[in-house]
Structures are given as C-alpha cells and as structure tokens.
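J.: okay, here's the prediction I keep looking at, along with the sequence it came from:
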Amino acid sequence: MVIMKKYLVYILLGLPWFQPGAQGQDDTESLSCLDCHESLVLKQVVHAPVTESCDYCHTATGNEHPAEQQKGFTLSESMPDLCYICHDTYNEGNVHAPIEAGECAICHSPHSSSFDHLLVARTDHLCFECHESEIMEKKIIHQPVQQGNCQACHNPHHSSEPSLLIKGRPALCFTCHEKTAQQITEEFIHPPFEDDCMNCHSPHSSEEGQLMDLPGNGLCFECHDDIRESIESSHVIHKVINEDGGCAQCHSAHASSNPKYLLDKPTELCLSCHNKSITTSTRKLSNIRQKLDEDHFVHGAIEFDGCAGCHTAHFSEFPSLLTDAYPEGNYTEGKSERFALCFNCHDQEIIEVEKSTSISNFRNGEINLHFLHIHGVKARSCGTCHDMHGSAYDHLIAEEVVFGNWNMPVIFKVNINGGSCFTGCHNEKKYDRVNAVNNSLKNEQVPLKKIEKYVTINEDMQGDSIPSKKFVASTFNLEFKQLEEEFNHLHIPPIYFNSRKTTMAEGAEGVLRMIIDFLNDHPESKILLEGHADKFSEKVYDHALSKKRADRVKSIILSFGIENDRVEIVGYGISKPATTENNKKGRQLNRRVEVSLLKK
C-alpha cells in the first residue's frame with residue numbers, strides 16, 4: 001500500500017497542504033513553477049505531490065533560477081530514497097533491476113502520465129524496452145501476455161519468487177486455471193505438474209496448443225524415453241499413440257484418481273473407444289463393449305485383470321497388442337509356444353495329451369478333443385472356436401467366427417455328460433464323456449428315392465444315395481404350385497430367439513435342417529426369412545435386431561452351400577407380432593424368424 005508519509009507530517013503539524021508553488025531565488029520576484037513547467041502536469045494521471053507543491057521532491061540550490069547552464073533546484077533526496085519517503089521500500093528478495101539501480105524514472109514519470117501508475121508507456125511496450133519481444137511472437141500467446149498485462153504474473157518491483165512472480169508455481173497458475181487447480185487433490189499426481197507447470201508449458205507463447213513446449217508426444221518422451229525407444233523398435237503400436245492427442249487420449253497430464261494418471265478405470269478407458277466396430281486396412285474389430293454388456297459369459301481374464309490381462313497399452317511384438325505369443329489366422333502349428341498367451345492361465349497339457357479323463361471336460365470318452373483340434377502342422381487356433389472376449393455360449397464358444405471373408409456360424413450345445421457342435425466346418429458332431437459317440441457312423445446322406453421324383457439324376461451318379469451337399473440337379477419339372485404344396489406340407493415352424501439376442505433358442509437345429517433339406521431337394525426354390533422382435537424389451541432397436549436375426553439364420557443356411565440369391569431376408573421389428581399377449585410366453589413367441597416360399 002502506498003503511504004503518503006510526508007502528507008501525514010503536514011496534517012499532524014496543522015500546516016496547509018496547498019502551496020502556490022516553489023519560488024525562485026530572488027525574493028523580489030515570485031513565480032509559480034507551473035508558470036514555466038505547465039506541460040509537466042497536463043497528462044491524465046498526475047503525481048499527487050505535484051498537485052500540492054514541488055517542494056516535496058525539489059529543494060533550492062541557492063543558484064539564480066531560472067538561469068542558463070545552472071540548476072536552481074535539485075532533488076531533495078537521492079533516488080530511490082526520495083520515492084521511499086512516500087512509497088514502500090522495495091529492497092527485499094528479488095528486486096527489479098531498475099529499482100535496484102535506483103532508476104524508478106525508467107518506468108515511471110515523476111510528474112504526470114497518460115498511463116496508470118504514472119508509467120511512461122503502455123505495459124507491454126514498456127516491458128519490451130528491456131525484455132525480448134520474441135517471447136510473444138509465436139502462434140499461441142498466453143492471454144495475459146496478449147493483453148499486455150505482465151503484472152498478472154509478475155511484480156514490477158520485487159518478489160520472493162524467481163522472475164519476480166507474484167506467487168510460486170503452480171499456485172500462480174491456479175489463480176486463473178481453477179479447474180486444473182482442483183486436480184492437485186487427486187490421489188495420483190504427475191510429478192512435473194506438482195513441481196512446476198513450466199516443466200511442460202511456456203509462460204508466454206508457443207507454437208503448440210495449450211502452450212506446450214514440444215509437439216505431440218515429444219514432450220512426454222522427454223522423460224519417458226524408454227517408452228519412446230520401445231515404440232520405435234516394436235512391431236505393433238497402439239494406434240492412438242500416433243493420432244492427434246497422443247498420450248493425452250488415455251492419460252491426464254496433471255493428475256488422476258486412477259493409477260498411471262489414466263483418465264478412467266483401465267477397462268472402462270479401453271471400452272470408451274472399443275464401443276463400436278472398428279475397421280482397419282487388415283481386419284474388423286467387433287464392438288467389445290456391446291459384447292461384454294450383452295453376452296452371458298465373459299472371459300475370466302477380463303473379469304479379473306481387465307484388458308491388461310492379455311493386451312499391452314502401448315506396443316507389442318505380438319498381434320493385437322497381446323502380451324505374449326498367439327497365432328494369427330485360423331491355423332497354426334500345434335505347439336504350445338504358439339499359444340503362450342493362453343497358457344499363462346490354462347494348462348498347456350490340454351493340447352499335448354491325446355487321451356485323458358482329467359485334463360479336459362471337452363472329450364469324447366477319453367479322447368481329448370482339444371488335442372484333436374490343436375494338433376499337428378495344421379492345428380486350429382483357439383479363436384477358430386472361441387470368442388476371446390465374451391459369448392452367449394458357455395465356454396466362450398463363438399456364435400460365429402471369421403473364416404477368411406466368411407462369418408462362419410457355430411451351433412454349440414451342452415448337456416450333463418457332453419454336447420454337440422454344428423458348424424460350417426462339419427455337420428453336427430456329438431461328444432459324451434461317459435459313453436463315447438462314434439461320429440464316423442453318421443454319414444449324413446439323402447436317400448436317392450427322396451429326390452428322384454423332382455430330379456433327373458446324371459448317368460455318372462452311382463449308388464443308392466448321394467451326399468446332401470453334393471448332388472447335382474439337371475432338370476426340374478415341378479411347377480410352383482406343386483412346390484408350394486410340398487413346402488406347406490412340411491409345416492416348418494418359426495425359429496425362436498433369446499431375449500435381446502441373435503442367439504437361437506432350443507429347437508432351432510431341427511428347423512434349420514428342415515429348411516436346408518428342402519432347399520437342397522428343390523434347387524430352384526427361393527425363400528424369404530422374416531425376422532421379428534418382441535415389444536417388451538426390444539422396442540429401442542427392434543427393427544435392426546429383427547433383421548440381424550434373419551441374417552443370422554441366412555448365414556447358417558449359406559454355410560451348407562446354398563446360393564446367396566436363393567435366400568432373402570427382411571426385418572419387421574414389432575410390427576407383426578405372433579401374439580399380443582404381453583407375458584413371458586407371448587414375448588418368446590414374438591422373438592422369431594419365419595420362413596416362407598418365394599415365387600421364382
């Protein structure tokens with residue numbers, strides 16, 4: 001606070017404040033200072049003593065005044081002591097160089113000024129008389145600098161802080177950046193943030209957004225050079241690292257309630273991006289969040305360790321940022337080291353022992369069916385049968401798996417002692433842990449007499465029967481009306497579905513066999529699959545779901561060699577209910593796909 005000490009002396013002594021002005025050295029001649037020096041007080045802001053008496057700062061020398069080449073008056077005290085008669089003393093801590101040199105008049109006018117605080121120029125111009133103006137010539141300028149308000153951060157006289165800052169950092173920055181200030185209370189605080197904002201930011205201007213010292217991840221890599229070196233030498237890099245935002249897409253630069261300064265809990269953070277299908281130049285990633293939210297069974301690794309149980313966040317030598325070896329594609333050599341990732345949790349004997357009653361429940365009698373699938377030079381990868389994230393089926397059996405450009409359907413069932421699998425790879429094969437099933441006896445064939453009334457058999461066909469997928473029809477004489485009668489006579493029931501799912505309910509396999517047999521028996525026939533949804537739980541996305549159900553059935557039918565143009569689909573949503581009963585049974589009847597015959 002400015003203390004006008006000398007004015008206080010006048011008040012205490014009862015002396016008048018106003019004096020007509022300092023007089024010259026000749027008592028016979030009385031002049032006011034302003035008679036000659038009026039221009040000194042014409043500006044907007046006038047130094048208070050000037051309005052009262054020049055004698056506060058000036059004293060006579062005894063020389064004639066005015067006179068050429070001699071001074072009739074001098075300062076009553078040397079600088080800066082003269083200023084300190086009224087103003088506080090600035091001589092502690094770090095003192096601004098002009099003040100330390102006693103040169104207050106470098107920045108202030110002693111009489112009047114057009115600027116606040118009697119400054120001789122506008123703040124930004126005045127500061128740059130001594131300081132380099134380059135500090136504000138970059139693309140992004142700190143707002144106080146842009147406004148010429150250097151005093152927002154600096155004390156122009158002295159300070160206990162370096163660079164004459166009015167507060168220490170980061171407290172000074174928090175004066176304006178209130179939201180950022182709240183982060184200092186988080187559990188995990190980034191050391192550079194806790195130490196000094198200037199570790200990462202420029203205080204005046206920068207070529208980078210948010211006044212960063214370096215572009216992109218370059219700033220992070222100044223400290224985390226180990227990660228930079230690994231990224232530069234790794235085969236697989238997390239895509240977001242090289243996108244705009246880089247590290248900041250996952251990490252807070254300041255503080256977080258999560259370890260490693262993550263913006264959210266690890267798995268939730270991953271799912272904030274993996275909440276949609278992502279297509280790259282080489283593959284398509286499914287909507288992982290939807291899968292985990294909707295499927296009944298979730299991979300235990302995710303439940304216990306989150307995504308980090310199998311994936312690394314930054315880089316990897318293995319595909320999909322996996323933490324250990326795992327084969328790409330559907331086939332690989334059946335060696336345990338090719339599946340090192342899986343065997344971090346699972347016992348590798350599951351693919352090494354051919355016969356056992358204790359290693360795996362997936363066995364036919366004592367035949368280990370994992371060994372059967374993952375053995376030899378062309379072994380299947382785990383992903384050929386399992387979904388690594390979640391599934392509607394137990395044991396994470398996939399509803400469909402990618403096989404080249406084909407999404408191959410899988411129908412897997414379990415019972416007390418075993419189960420069955422029906423895929424595009426093979427017809428239904430059963431297994432039983434107690435009484436082994438001889439699947440080789442089930443050579444599913446269509447008797448020749450079943451199709452001879454509709455098909456003229458080529459002469460080169462021999463035997464009493466032919467495989468259901470391989471017979472060839474050359475002539476079809478059945479008119480549509482007759483074909484329709486044949487179709488209606490079958491009374492093919494609807495295929496029912498689980499609530500909010502594209503997974504089929506019990507009994508779907510038999511219906512699928514009826515449809516496939518009919519299409520094979522009548523190669524010129526075409527069908528329409530009509531998908532439906534129930535009103536109670538699926539009204540938000542009923543139309544899309546009903547169409548997906550129809551498409552699911554179609555994909556299974558096509559996997560048996562039926563031509564794509566022979567099967568059409570449509571989704572009706574909830575517009576054509578089978579029943580209006582709004583109960584569990586009624587809703588089940590409405591979740592369906594119906595099949596009808598199309599005219600040629």
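T.: Cool, got the structure.
J.: average pLDDT for the strand ranked longest in the chain?
T.: Taking DSSP state E as the criterion, the chain has its longest strand at strand 406-414. Averaging pLDDT along strand 406-414 gives 80.
J.: and the next element down the chain from that strand?
T.: strand 418-423 (DSSP states H and E).
J.: helix or strand right after that following strand?
T.: strand 429-432.
J.: pretty sure Ser159 is touching Cys153, no?
T.: No: Ser159 is beyond contact range of Cys153, at 10.4 Å (criterion: CB atoms under 8 Å). In short, each C-beta sits where N, CA and C put it, glycine included.
J.: surely Glu337 is in a helix?
T.: Yes: checked against DSSP: H, G, I helix; E, B strand; the rest coil, Glu337 lies within a helix.
J.: contacting residues around it?
T.: Glu337 makes contact with Ala325, according to CB atoms under 8 Å, 6 or more residues apart in numbering.
J.: hang on, the earlier thing: between Ser159 and Cys153, which contacts overlap?
T.: Common neighbours of Ser159 and Cys153 (criterion: CB under 8 Å, 6+ apart): 165-166.
J.: one step back: quick one, the longest strand of the chain and strand 418-423 angle?
T.: Orientation of strand 406-414 against strand 418-423 (axes from the mean of the first three to the mean of the last three CA atoms, to 10 degrees) gives an angle of 160 degrees.
J.: so which elements touch strand 406-414?
T.: strand 400-403, strand 418-423, helix 508-521, helix 542-558 (3 or more CB pairs under 8 Å, 6 or more residues apart in numbering; DSSP states H and E).
J.: so which of these is nearest Cys107?
T.: Cys107 sits nearest to helix 542-558 of all these, at 71.1 Å, using CB to CB.
J.: could you pull out the buried residues of that closest one?
T.: With burial defined by 16 or more other CB atoms under 10 Å, the residues of helix 542-558 counted as buried are 542-543, 545-558.
J.: how about stretch 424-440?
T.: 424-425, 429-433.
J.: could you do stretch 76-90 as well?
T.: Result for stretch 76-90 [16+ other CB under 10 Å]: buried residues 80, 82-83, 85-87, 90.
J.: how distant is that stretch from the center of its chain?
T.: With CA atoms, centre = their mean, to the nearest Å as the basis, stretch 76-90 stands 60 Å off its chain's centre.
J.: ok so, going back, present the buried residues of stretch 424-440 as a markdown table; the columns should include distance to Ser575.
T.: As requested, those are exported to a markdown table (distance: CB to CB, whole Å):
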| residue | distance to Ser575 |
| --- | --- |
| Gly424 | 32 |
| Cys425 | 37 |
| Lys429 | 39 |
| Lys430 | 39 |
| Tyr431 | 42 |
| Asp432 | 44 |
| Arg433 | 46 |
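J.: flag the shaky bits of the protein, pLDDT-wise.
T.: For the chain, the stretches with pLDDT under 70 are 1-30, 404-405, 441-478, 536-540, 600.
J.: ok, which stretches of the stretch 1-150 of the chain are helices?
T.: 5-13, 33-37, 48-52, 81-84, 97-100, 123-127, 143-146 (DSSP state H, counting those that start in this stretch).
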